[in-house]
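> model this:
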Amino acid sequence: MSSGHKTLTGFVTTILALLVVILGLLTGWPPWCWAAGAGGLTVAAFALNRLLARRRQPPYPMEDLPVPPPLYQQQVIREVALPSAVPDYDFLFSATVRWTLLESAYGTPVFNPAGLAVDAVLLRARRFTADHGPERSTFVQHRLDGVLGEMLPDSSERVQAMAEDVRLMLAPTDQERLDRLSGVRKDEAVWEHERSYERSKRAYLGNDVLKDAGSAVVWMLAKDGKGEEVARTVEQIDILARLSAAANNQQVAFLDDAACDEPSDTNTDPLDGDDPVNAESEPAEPAAQDVLGPFLTWLKLDRTAPEAAMLGDRLAGAVLGSERPDHARQVRDWFGLPDEFGASPEDEGEEGWEGEDGDDEGA
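Numbering: from 1, shown residues only. Now for the predicted structure:
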């Protein structure tokens, strides 16, 4: 008898004894009635005790009952190679497989339920990992944990299985290779962007800025913005012309040699020079207006504009620096600038020679 039965029997006996005492006191029982009531109370307590003990006794002995299997059994698997979407890069799968028998398994030949459960879980895991790449194994692990978290029957319908504590990882060497490949792809993307930027810059400089000398000059003036560097741009016209010619694989021409490069349509008499042979082989020198006029037209400048005067002054200074004072004087005269160079030594020699002839003739 358990402690609960004893407590219940004592409680009921106490209640009955109180009822007997109350009834005897109220009715004034004789002594023999008290003895009869005590005996009846004892019999009632014994009967109640037997009744409770009979209801708790099983219909057959406990040792004859079949021992039911536990609700779930488990099997641990570690680092099983599963394929990924990339060949030769396998996942390493570890988990705790939980399984239980189905009703259809009773009465069948002897089989290994743990093996069937592990096989069912591995098949489900393999179908999932084969569609995912190894680059994000942690993300794939959490999704696989959800896929295997449902208790499903195997193909033979003898056991149903699920997986817990799922772990999915790569071999250290494979993870190192993937990290290196990722770094190379990032470097290659940066390099491609740099190449694209360089090609765009070359196309802009070659096809737009340095297409010709005029475009280069306009580009310099546009960079100035407020027009405060016009004089500096004029000083760099010769450099810009050289850059433009070199960028377009053309012969580099110098501004001070432009007069020599331009052909002349003027017919000269070969007998007018001191050397008839050289006069026939060398073309006549063109006038300043034949060279400077087209030059200003090319630059889209008016001859009377302040910028043209500044250009003429700079150009005359550059020509004088190349030891051509006569050409420098012609440039200043054509632009209407005052002569600041004075007479050239050759002119002074000619004048002196003419004066001596005059004196001789006068003599």
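> now residue 302, what's its secondary structure?
Here residue 302 takes the coil state, with states given by DSSP: H, G, I helix; E, B strand; the rest coil.
> Please list all residues in contact with it.
Residue 302 makes contacts with 296, 308, as judged by CB atoms under 8 Å, 6 or more residues apart in numbering. The C-beta positions use only the backbone N, C-alpha and C, and glycine is treated the same way.
> That one and residue 125: what is the separation?
Distance of residue 302 to residue 125, given as CB to CB, to the nearest Å: 85 Å.
> Then residue 14?
Look at residue 14 and residue 125: by CB to CB, they are 66 Å apart.
> of the two, who's got more company?
Set side by side, residue 14 and residue 125 show more neighbours around residue 125, with 22 against 12, by other CB atoms under 10 Å.
> Who are the packing partners of the one helix or strand that one maps to?
Residue 125 is located in helix 113-129, with elements delineated by DSSP states H and E. Of the remaining helices and strands, those touching helix 113-129 by 3 or more CB pairs under 8 Å, 6 or more residues apart in numbering; DSSP states H and E are strand 73-82, strand 91-101, helix 137-147, strand 152-153, strand 159-170.
> residues in contact with the nearest residue to residue 160 once chain neighbours are set aside?
With sequence-adjacent residues excluded and distances taken as CB to CB, 6 or more residues apart in numbering, residue 160 is closest to residue 153, at 4.5 Å. Each residue near residue 153 by CB under 8 Å, 6+ apart is listed here: 102, 120, 159, 160.
> And for residue 316?
The contact partners of residue 316, by CB under 8 Å, 6+ apart, come to 328, 329, 331, 332, 335, 337.
> what about the first one, how many residues close to it?
Think residue 328. In terms of burial, residue 328 registers 23 neighbours under the definition other CB under 10 Å.
> pLDDT weak spots in the stretch 101-250 of the chain?
For the stretch 101-250 of the chain, the stretches flagged by pLDDT under 70 are 105-108, 224-229.
> one step back: of the contacts of residue 316, buried ones?
Neighbour-count burial (16 or more other CB atoms under 10 Å) applied to these gives 328, 329, 331, 332, 335.
> so where's the stretch 251-363 of the chain uncertain?
252-285, 289-290, 339-363.
> Go again with 50.
In the predicted model, the stretch 251-363 of the chain carries pLDDT under 50 at residues 257-281, 342-363.
> starting at the chain centroid, how far to the longest helix along the chain?
The single longest helix within the chain, with elements called by DSSP state H, is helix 172-204. Here helix 172-204 is found 10 Å from its chain centre; the criterion is CA atoms, centre = their mean, to the nearest Å.
> Could you report the pLDDT at residue 3?
Among the per-residue scores, residue 3 shows a pLDDT of 62.
> In contact with the nearest residue to residue 74 once chain neighbours are set aside, which residues are there?
With CB to CB, 6+ apart as the measure, residue 98 is the residue that lies nearest to residue 74, at 4.9 Å, once sequence neighbours are left out. For residue 98, the contact set (CB under 8 Å, 6+ apart) comprises 72, 73, 74, 117, 151, 161, 162, 163, 164.
> Residue 98 and residue 149, how far apart?
10 Å.
> Next, show the common contact partners of those two.
Overlap between the contact sets of residue 98 and residue 149, as judged by CB under 8 Å, 6+ apart, is given by 162, 163, 164.
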